[in-house]
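Peer 1: Only the shape, not the letters, is given here:
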């Protein structure tokens, strides 16, 4: 194993550790602000994986959009909600939830084990082809995005606009309050 | 690249599993949204890894790009819904979302 290969493996190990550790912190810690920090760690790990996979443009986008926008939005909401963001009974979910989660986890672990075995059994493993240095750069992706995939690109722009308008409409907070009125009416009937 | 591609695929599968388990087990709406983001990230990693295996075009990377854009939109709308729900009920527990029950 050359020095370069050792470095690559070390980089992959760090990226994978960040990804999985952050993911476990996201789903396992009680306080939402720590969950958000776990999500940030995961995103950094995924960004490292993108760099190893020759996706430099996506790694940049990942940092800007996820770490710079989505996680910050989450933290804004957590701060806005204050102590209400941590629900006290979060730690004791029902048995059926654990059961469904366990079944799903077993399926995924089985599938992952099968995949590792298949990859090990194959005489010729999945060889990663060599690519040009320009693969994954903004020039190549931009050319493809604005020629072949221009219609999905425009549709994504429309979707983002609709999402912004929808988020404003939902978050503005001037809606009527049907359930509260309903519960008040029920309360009056009971009284 | 010395690292075989299936290492990335198994990493993505594990990430997806953690996200899905978190989505099933947790009751905090904020954490549910974060679990969804984890799953979307896992799918993105799979797309990029397979694209590295077939580098004739950038379809996988561009699809991952669209997924990132849609995930951002989903987070914005989802957080707005959580805020509206918090105004309604004063909590972010998903068990409290019973307006459509019965």
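Peer 2: In hand now; what should we look at? Remember, predicted model here, so these are calculated numbers, not experimental data.
Peer 1: Residue A:129 touches residue B:53, doesn't it?
Peer 2: Yes - taking Cβ atoms under 8 Å as the definition, residue A:129 is a contact partner of residue B:53 at 7.3 Å. C-beta coordinates here come from the backbone N, C-alpha and C atoms, glycine included.
Peer 1: Looking at those two, which is more packed in?
Peer 2: Neighbour totals were compared for residue A:129 and residue B:53, and residue B:53 leads with 16 against 10 (other Cβ atoms under 10 Å in any protein chain shown).
Peer 1: so how far is residue B:98 from the more buried one?
Peer 2: 46 Å (Cβ to Cβ, to the nearest Å).
Peer 1: Kindly tell me how buried the closest residue to chain B within chain A is, as a neighbour count.
Peer 2: Using Cβ to the nearest Cβ, the single residue of chain A nearest to chain B is residue A:27, 2.8 Å away. Residue A:27: 24 surrounding residues under other Cβ under 10 Å.
Peer 1: who touches it in this structure?
Peer 2: For residue A:27, the contacting residues are A:35, A:38, B:18-19, B:21-22, B:25-26, B:31, B:34-35, B:38, by Cβ atoms under 8 Å, 6 or more residues apart in numbering or on different chains.
Peer 1: Tell me which two in the residues you listed are the farthest apart.
Peer 2: A:38 and B:25 (14.9 Å; Cβ to Cβ).
Peer 1: Who has more neighbours out of those two?
Peer 2: residue A:38 (23 against 20).
Peer 1: Next, give phi and psi for the nearest residue to that one once chain neighbours are set aside.
Peer 2: Take residue A:38 and drop its neighbours on the chain: the residue closest to it by Cβ to Cβ, 6 or more residues apart in numbering or on different chains is residue A:25, 3.1 Å away. Phi and psi for residue A:25, reported as degrees, to the nearest 10, are phi -60, psi -40.
Peer 1: contacts for stretch A:165-173?
Peer 2: Outside stretch A:165-173, the residues that reach it (Cβ under 8 Å, 6+ apart) are B:76-77, B:79-81, B:83-84, B:87.
Peer 1: switch to 7 Å and redo it
Peer 2: With Cβ atoms under 7 Å, 6 or more residues apart in numbering or on different chains as the test, stretch A:165-173 has contacts from B:76-77, B:80-81, B:83-84, B:87.
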